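> sequence first, predicted coordinates after that:
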Amino acid sequence: MLKKVGSTVLGGVVLGVLSTSSMAVEFMDATWAKQACDAWNKDATLMEKLSQMPEDMFGDGYQWIKNDARRGYKIITMSRDGCKAPKVQLNITEKEGKAICTYGGKLDGKKLNMTVDYYMHATDADWICMGSGKCGVMGSMMTGRLQFSGPKLEAMKVMDPFASFLKLTGKVAATKTACK
């Protein structure tokens, strides 16, 4: 009986591995965005620093999450250069004093307000570099590795959390197949 249990457990593990690998997530598809949203909510730097008044070089008590055009959320959209795949979106909302990701997936039809929202795109190679932390935020912005639309001064005010966000793109496991 022990052998049967052992082989059943082993069979279940093999089946689990096979089903996981056959359901690979594609980088910046809707499933990846949902997982990125979940990862955001596990990152203290993103949740806490983007909702606090940072002691920054401007000394103005600025709160990133409060700059939402009175809608109650901010939107971050992203895409891969050269891919026809649709962009993905994260909605960030203040909840219980934290910047929480409340939606991650395909574009949901909300209109971007580029004075408070963001659109970022880069090549796969550059996303990999930024996601690994090898390419810094400021360097990526200045060299054009990260193409960026949105409130640039605001992004500069929250450079540390922005760096955590870029690293998050490398923490969510995904395949990067050739663009179709």
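Great, that's in hand.
> which stretches in this protein count as helices?
2-22, 30-40, 44, 124-132, 137-143, 152-157, 159-171 (DSSP state H).
> which of those helices has the lowest mean pLDDT?
If the helices of the chain are sorted by mean pLDDT, helix 2-22 sits at the bottom with a mean of 39.
> ok, now which ones touch the closest residue to Leu146 other than its chain neighbours?
Leaving out its chain neighbours, the residue that sits closest to Leu146 by CB to CB, 6 or more residues apart in numbering is Ser140, at 4.1 Å. C-beta: built from backbone N, CA, C; applies to glycine. Neighbour list for Ser140: Ala122, Asp126, Cys129, Met130, Leu146, Leu166 [criterion: CB atoms under 8 Å, 6 or more residues apart in numbering].
> how many neighbours does Thr77 have?
Thr77 sits with 20 neighbouring residues when counted by other CB atoms under 10 Å.
> isn't it right up against Asn113?
No: checked against CB atoms under 8 Å, the pair Thr77 and Asn113 is beyond contact range at 11.8 Å.
> shared neighbours of those two, anything?
Counting by CB under 8 Å, 6+ apart, nothing touches both Thr77 and Asn113.
> just to revisit the earlier point, let me know the closest of the contacts of Ser140 to Tyr103.
Leu166 (19.8 Å; CB to CB).
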